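J.: give the three-dimensional model of this entry:
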Amino acid sequence: MLIILIFSACNKNQKNSNLTKMELTERSEAIFWIDTISNGKFLKIYSKRENNRQNLTAEFGNAKEKYKVDLQTEEYGILTVPFTNQIKWITDKSFVLLNGCGTSCKYVTIFNVKFEKPIIMPVEYYSGITYAVYKTDNHNLYLAANSNYTNKPSFIIVDTDTQKKDTIELPESWNRGNGSIMSVIDKIKIKHSTIEVFQMLKNGKQRLVKQNIKLE
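T.: Numbering: from 1, shown residues only. The predicted model follows:
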């Protein structure tokens, strides 16, 4: 059995973004759910035939660093067979998979060739999101909920490769709905390291918070 899915994973920060591929292929010893190469780095996720094919393993890295991780441990138990994760974006050092249980339950799994273990964390906005108004000129960035949430709605901006962050705090008067970032914010625009956050009011006017992004 051989099923090959070809797609272009574009990163505007990379001038020579390669065509990447995902393949589900059954070999004598393992089933490869993802086998991807891009600009000198690779990611493979596969399961062995024994144990009902549930023992997912990831191998990733480049010519200098190579790592092997068992994804069926408690730490990575959210990655299960059948493996339906999609590669959402590719950066200089990372492959990013997206999964979840709905718009209010999304997380990314980041395989960074500089880190021995993948990073898993919730995500709100990311480049290519289809159900929110999010425009950015930096496709390495993604937005996540702030775990140190106070009465003021806030979120963090994260650089995929470095994991450096910045916190954007909104006025307390912006609170509405269930208090989640998706319910508070109507539109986000990032350009030249400046973020603009918009909230539409019932009278047709809008609120705006504008802030320079300082990743630390």
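J.: wouldn't Ile168 be in contact with Asn212 here?
T.: No - judged on CB atoms under 8 Å, Ile168 makes no contact with Asn212 at a distance of 10.5 Å. No exception for glycine: its C-beta is placed from N, CA and C like everyone else's.
J.: the two: which is more packed in?
T.: Per other CB atoms under 10 Å, whichever of Ile168 and Asn212 has more neighbours is Ile168, with 19 against 9.
J.: in the sheet, who's paired with the more buried one?
T.: Per DSSP bridges, residues listed as beta-bridge partners of Ile168: Phe155.
J.: so which residue is dead centre in the protein?
T.: Most central in the chain under CA atoms, centre = their mean is Val108, positioned 4.0 Å from the mean C-alpha point.
J.: wait, what's in contact with it?
T.: Residues in contact with Val108 (CB atoms under 8 Å, 6 or more residues apart in numbering) are 88, 96-98, 119-121, 123, 126, 142.
J.: let's see 6 Å
T.: With contact set as CB atoms under 6 Å, 6 or more residues apart in numbering, Val108 has these partners: 96, 98, 123.
J.: that one in helix, strand or coil?
T.: Val108 carries the three-state label strand when classified by DSSP: H, G, I helix; E, B strand; the rest coil.
J.: mind putting the contacts of Val108 into TSV with neighbour count, secondary structure and pLDDT?
T.: Formatted as TSV, the contacts of Val108 follow (neighbours: other CB atoms under 10 Å; DSSP: H, G, I helix; E, B strand; the rest coil; pLDDT from 0 to 100):
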residue	neighbour count	secondary structure	pLDDT
Val96	25	strand	93
Leu98	18	strand	85
Val123	20	coil	92
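J.: of those residues, closest to Ala58?
T.: The shortest distance between Ala58 and any of the contacts of Val108, using CB to CB, involves Val96 and amounts to 13.1 Å.
J.: contacts only, for that closest one.
T.: Residues near Val96 by CB under 6 Å, 6+ apart: 88-89, 108, 110.
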